[in-house]
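**Q** coords below, sequence missing:
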C-alpha cells in the first residue's frame, strides 16, 4: 500500500425502520432503488454485507411472512463520516424509511468471519 493510499476500516451500520404505520409501505416503494445502489457500493468494495432485519416471527416457519424492520450493513471505508454520507444519501434515509435518530454507525474490529 502506498503512503498516499488511505487506510480503510470496517464499520457496522444498524438502521432500524421508523415505527409508524406507513414505514413498511415506504420501504417497499423504494426497495428496488435501494438494492440497486447497495449493489453498486458492493461492486466498489464499500458494502461488504447488507440485509434486512426481520422480526422473530419471520423465521418461525418456511411460510412465515418476512416482516422487515430495519437494515444492517458491514462497510469498509476510510472514516465514520464516509459511511455516514453513504447512508444519508440512501433512498431509505431520504424517504423516511430508516429512523435517523436511532441509526448507529460504529467501527468494527472483526474477530471471527466465516460468512
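**A** The structure has been received and is ready for your questions. The shown structure was predicted, so the numbers you read here are calculated from the model rather than taken from an experiment. Numbers count the residues shown, from 1 in each chain.
**Q** low pLDDT regions in this protein?
**A** Along the chain, segments meeting pLDDT under 70 span 1-5.
**Q** all helices in it, in order from the N-terminus.
**A** For the chain, the helices defined by DSSP state H cover 23-43, 80-88, 91-94.
**Q** want to throw those helices into CSV with distance to residue 49 and mean neighbour count?
**A** All C-beta atoms are positioned from the backbone trio N, CA, C, and that covers glycine. Listed next are the helices of the chain as CSV, based on distance: least, Cβ to Cβ, whole Å; neighbours: other Cβ atoms under 10 Å:
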stretch, distance to residue 49, mean neighbour count
helix 23-43, 9, 14
helix 80-88, 13, 16
helix 91-94, 16, 18
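**Q** looking at those helices, which is closest to residue 6?
**A** When the helices of the chain are compared by Cβ to Cβ, helix 80-88 sits nearest residue 6, at 9.4 Å.
**Q** packing partners for the closest one?
**A** Under the contact criterion of 3 or more Cβ pairs under 8 Å, 6 or more residues apart in numbering; DSSP states H and E, helix 80-88 touches strand 9-16, strand 68-77, strand 104-107.
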